[in-house]
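J.: My questions concern the predicted model and sequence given below.
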Amino acid sequence: MSTKARILEVAAALVAQSPDGDVSTRAVCEAAGVGAPALYRHFGDKEGLLSAVVDHGWEKYLAAKRNRAPGTDPVEDLRDGWDSHVAFARANPNLFRLMHSPAMRTPPAAALEAHRILTSDLQRAAAQGKVTIAPELAAQMIMSANVGVALMTVSRPATFTDESVSRRVRDAVHATVFTPDVTAATAREAAEPAEPHVPSTAAHLNALLRQSPPPALTRAEGALLTEWLDRLSNGSA
């Protein structure tokens, strides 16, 4: 392995292990067994090193997508693409945040390639009459929502604890992008046997009880009732 490749591998590993995703050039040099001049010669400075780590991350993300053969249903490919994007973020939280950091002012070529792959799947769906808007605009909507969900999932895990949020946002965006027959089929596939009015009724009752806690219940009973209603209101997913 070349010195440059070793420095890059070490930097990527340290980013993944760091509590906040940040690393120092000194720590990278020590772990790679090189002096600072070698790092600066290959990467220029810390920003150049982190940019190389970002490029490395995008290449890692795209490896599976490049080897994926297009399926017969592009909409299903798009659903799987959304889910794999979120799964990659969860598996590589520090790297994913760095990949989408505003500090990375120039988008890597691999990031543009990921957008082209998404647009290509939408163009295939459009050719089958399944898209309601231009594929280019649809790609921007889906990418921004997908990245937003993934970033919130890895940046605020204590808040975003419901694993169904990603799928719910995905289906809501897809309902805007795809024709009604496609989204209706998706809804039927995801439907639970429970009556459709139960979740909304539970959510409504829960909101009323939060505003005016019933005096007939103890604090513990009220907390238990709130938990049950939360579970019923989320049960449709």
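T.: It's in.
J.: Domain boundaries for the chain, per the record?
T.: Domain ranges of the chain: 1-44, 55-191, 193-237, per automatic domain parsing.
J.: Check those for me: which has the lowest mean pLDDT.
T.: With a mean of 78, domain 193-237 has the lowest mean pLDDT of the domains of the chain.
J.: measure the residue nearest in space to the middle of the chain to V15 for me?
T.: In the chain, the residue lying closest to the centroid (C-alpha atoms, centre = their mean) is A150, at 2.4 Å. Distance check for A150 against V15: by C-beta to C-beta, to the nearest Å, it reads 17 Å. To be clear about C-beta, it is placed using only N, CA and C from the backbone, and glycine gets the same treatment.
J.: now do A207
T.: In terms of C-beta to C-beta, A207 sits 42 Å off from V15.
J.: more crowded one of these two?
T.: Ranked by neighbour count (other C-beta atoms under 10 Å), A207 and V15 place V15 first, with 24 against 11.
J.: who's in contact with the more buried one?
T.: By C-beta atoms under 8 Å, 6 or more residues apart in numbering, V15 lies in contact with 21-23, 50, 53, 94-95, 98.
J.: Return the members of these classed as buried.
T.: Neighbour-count burial (16 or more other C-beta atoms under 10 Å) applied to the contacts of V15 gives 21, 23, 50, 53, 94-95, 98.
J.: Quick check: the residue nearest to the centre of the chain touching S84?
T.: No: contact criterion C-beta atoms under 8 Å: A150 and S84 do not qualify, at 10.5 Å.
J.: circling back to that earlier point, between the contacts of V15, which is closest to A5?
T.: Taking C-beta to C-beta as the measure, V53 is the one of the contacts of V15 closest to A5, at 12.4 Å.
J.: and that closest one, what does it touch?
T.: Counting by C-beta under 8 Å, 6+ apart, V53 touches 8, 11-12, 15, 95, 98.
J.: export these to a markdown table and tack on secondary structure and distance to A138?
T.: Output for these, formatted as a markdown table (DSSP: H, G, I helix; E, B strand; the rest coil; distance: C-beta to C-beta, whole Å):
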| residue | secondary structure | distance to A138 |
| --- | --- | --- |
| L8 | helix | 35 |
| A11 | helix | 36 |
| A12 | helix | 32 |
| V15 | helix | 32 |
| L95 | helix | 27 |
| L98 | helix | 27 |
